[in-house]
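Peer 1: got a structure for you, letters missing:
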């Protein structure tokens, strides 16, 4: 069970890297890359899977309030990433606010995960 959970944590971090990495790479000309959408979905899937496994993990004391906030932000990131990637696919401009919303909210989610004990 611990190995599966660790693999999910690894994939969850990869999803965060996909979102924030592309955001930083395009920060001078903000846009939403389709891989950011993929990273957002990876984060949601692995996050929900980890949340489901937490009660079965030894010595776990999950903070469901924190996890609920992280989930809500994750859904917002995914929605914004889908909107942005659809605009890119249609050849429409992506607003700066939308692009920074995807990356900035993902960064806030990482901060919540790491700094909130």
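Peer 2: All right, it came through fine. Since this is a predicted model, take the numbers as computed values, not measurements.

Peer 1: rest of the way, CA atoms for contacts and neighbours
Peer 2: OK.

Peer 1: what separates the longest helix anywhere in the chain from the chain centre, distance-wise?
Peer 2: The single longest helix within the chain, with elements called by DSSP state H, is helix 64-90. Distance of helix 64-90 from the chain centroid (C-alpha atoms, centre = their mean, to the nearest Å) equals 7 Å.

Peer 1: as a whole number, average confidence for that helix?
Peer 2: In this model, helix 64-90 has a mean pLDDT of 97.

Peer 1: Name the residues of that helix that are buried.
Peer 2: 67, 70-71, 73-88 (16 or more other C-alpha atoms under 10 Å).

Peer 1: can you check stretch 1-21 too?
Peer 2: Neighbour counts using 16+ other C-alpha under 10 Å place 5, 8-9, 11-13, 15-21 of stretch 1-21 among the buried residues.

Peer 1: what's in contact with it?
Peer 2: 35-43, 46-47, 49-50, 53, 57, 102-104, 106-107, 110 (C-alpha atoms under 8 Å, 6 or more residues apart in numbering).

Peer 1: Please repeat the previous calculation with a cut-off of 6 Å.
Peer 2: 36, 39, 42, 43, 46, 103 (C-alpha atoms under 6 Å, 6 or more residues apart in numbering).
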